[in-house]
Structure formats: C-alpha cells, structure tokens
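Visitor: Below: sequence and its predicted model.
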Amino acid sequence: MIILHGFAYSNYYNIVKHVLLHKGVPFKEDLQWGGSDDYLQLSPAGKIPSMTLDGGEHLSESSVCCDYLEDAYPDPALYPADALARARVRQIMKIAELYLELSCRRLLPFAFTQSEVPAPIAGEVREVVSRGIAALNQLCEFSPFVTGSQQSMADIYLRYVMGVTDLGGTLLKWDIGNEIEGLRDWQAMMAELDISKKIDADRQANEKDFFAMVQQRIAAR
Ligand SMILES: N[C@@H](CCC(=O)N[C@@H](CS)C(=O)NCC(=O)O)C(=O)O
C-alpha cells in the first residue's frame, strides 16, 4: 500500500492526499515533520510530502506525486484527454503555485513569529501576487469547476494554494481571493466535498502539534 509521508497541516501534503482520496487509491499516512537526515532518504530535498510506493520506491515533489498517481491510476481522470486542455489545467496550477503560493509563503515566518512584514517584502509579494490574480482572472472559469464542468487537478491545487494565499493576504490586510472573480463561491463549493471535509478536519486536528513543532524549532535556533 502507498505510504504518504508528511503532516496534515501542510497544504502540499493535502494536495497529494486529496488526489489519493479522489482516485480511491488505498494509502496509509506516516507522520513526518521533515528536517531530519533520515527524512532525506524519502525526500531528497527534505520537503513534505513524499510517498513510498508499493515496491518500496520513494517519490517527492507534490506535482510529481500527483502526475504519478494520474499515470498509475488514470480512473477517475484528473486531467482532460485533449493535450491542449491538459496544458491549460497545468498552466493554472503553475501560475497559482508560482505567483500566489510561493509569494505568500515568504510571509509565513512573520506569521509564525507574529511580527510585522517589512515593507520591502510586502511590496515584492504584492507585485507578484497581483500578476497571479490577473492571470487567474483571465484563465479560471469556475463553471462550476476551475476549467469548466469537470473537476481537475487545477481544482485540487488551487484549493490548497488558497490556504497559504489567504493567510498571506491576512498579514498584508488584503483580501486576495476576493479579487479573483468567482473564486469565493468556488471555494465554498469545494469545501462541501466529503474529501475536503475530511482533509480540513485532519488539518484542524494537526494544528496544535504543528505550531508546537514550529515554536520548538524557533526556540532551538
Ligand atoms: N516543491 C515542494 C514544496 C513542498 C513544501 O514546501 N513543503 C513544506 C511543508 S507545506 C515543507 O516541506 N517545508 C519545510 C522545508 O521547506 O524545509 C512540493 O511541491 O512538494
């Protein structure tokens, strides 16, 4: 059985977990916080999540894990059959990750230490996120799913990208999601899926331990 390594508070972990649950692939969860030399055997860059496959091979990087799951378990499909339509799904995933997620991730240390975001960093993040907002407004349909009537990998990616993005927006006093037309209604619809409810409940249950781990690491610096 596939083993998913990581922790339920992680949005990247939840992307892969959502795909596993959507496809009905049996898997076990293995709590890992990362940061140890041993973990590098599972994930060479030390990033959460990683997966151990049935044959004992390890895979890391969420998008790689998701693409592996799509190839190995094609039904139900999370990409359209047409090559261009597939590329359009990936384009949205890439833009959401590069310009929303990774920009807002720069703000997490300030959230963890409850400190003010320095103005130059806030300015840089705002500039990049603004590009992401403009791009997603151009590309997302939300009718009702991100690229149309079928749920795709882009729905799963964007849902969890918005976790970090909304947190970043709070620190910047900026309602980022509200600037993407249709996103808030789509988020509410996605939150009603049974899989989303399970993932959100697991995330909530992991919250206290996650912040205790973060505080311990900050104190040990
Ligand atoms: N590119 C990676 C990013 C994963 C990532 O940043 N995970 C976070 C947890 S949400 C992590 O491992 N943070 C610890 C670290 O960067 O050392 C992926 O797509 O899986």
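Guide: Thanks, I have the structure now.

Visitor: Pull up the residues of this structure that are close to the ligand.
Guide: Neighbours of the ligand within the chain, by CB under 6 Å from any ligand atom: Ser10, Asn11, Tyr12, Gly34, Gly46, Lys47, Ile48, Glu61, Ser62, Ser63. Just so you know, the C-beta spots here come from the backbone N, C-alpha and C atoms, and that holds for glycine as well.

Visitor: I'd like the next helix or strand past the lowest-mean-pLDDT helix or strand in the chain.
Guide: Least confident helix or strand of the chain, by mean pLDDT, DSSP states H and E, is helix 108-112 with a mean of 93. Going down the chain from helix 108-112, the next helix or strand is helix 119-139, by DSSP states H and E.

Visitor: Could I get the full set of helices for the protein?
Guide: For the chain, the helices defined by DSSP state H cover 11-23, 62-72, 83-95, 102-105, 108-112, 119-139, 153-172, 183-191, 194-220.

Visitor: name the helices or strands packed onto the shortest one?
Guide: Using 3 or more CB pairs under 8 Å, 6 or more residues apart in numbering; DSSP states H and E, the elements in contact with helix 102-105 are helix 119-139, helix 153-172.

Visitor: And Gln138, how far from the ligand?
Guide: Gln138 is 24 Å from the ligand, where distance means CB to the nearest ligand atom, to the nearest Å.

Visitor: Tell me the confidence at that residue?
Guide: In this model, Gln138 is scored at 98, pLDDT.

Visitor: how many other residues sit next to it?
Guide: 8 (other CB atoms under 10 Å).

Visitor: Against the ligand, how distant is Gln91?
Guide: Per CB to the nearest ligand atom, Gln91 is found 17 Å from the ligand.

Visitor: For Ser63, see how far away that residue is.
Guide: Between Gln91 and Ser63 the distance, using CB to CB, to the nearest Å, works out to 13 Å.

Visitor: Make JSON lines from the helices of the chain and add distance to Met1 to it.
Guide: As requested, the helices of the chain are exported to JSON lines (distance: least, CB to CB, whole Å):
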{"stretch": "helix 11-23", "distance to Met1": "11"}
{"stretch": "helix 62-72", "distance to Met1": "13"}
{"stretch": "helix 83-95", "distance to Met1": "27"}
{"stretch": "helix 102-105", "distance to Met1": "31"}
{"stretch": "helix 108-112", "distance to Met1": "32"}
{"stretch": "helix 119-139", "distance to Met1": "36"}
{"stretch": "helix 153-172", "distance to Met1": "21"}
{"stretch": "helix 183-191", "distance to Met1": "27"}
{"stretch": "helix 194-220", "distance to Met1": "18"}
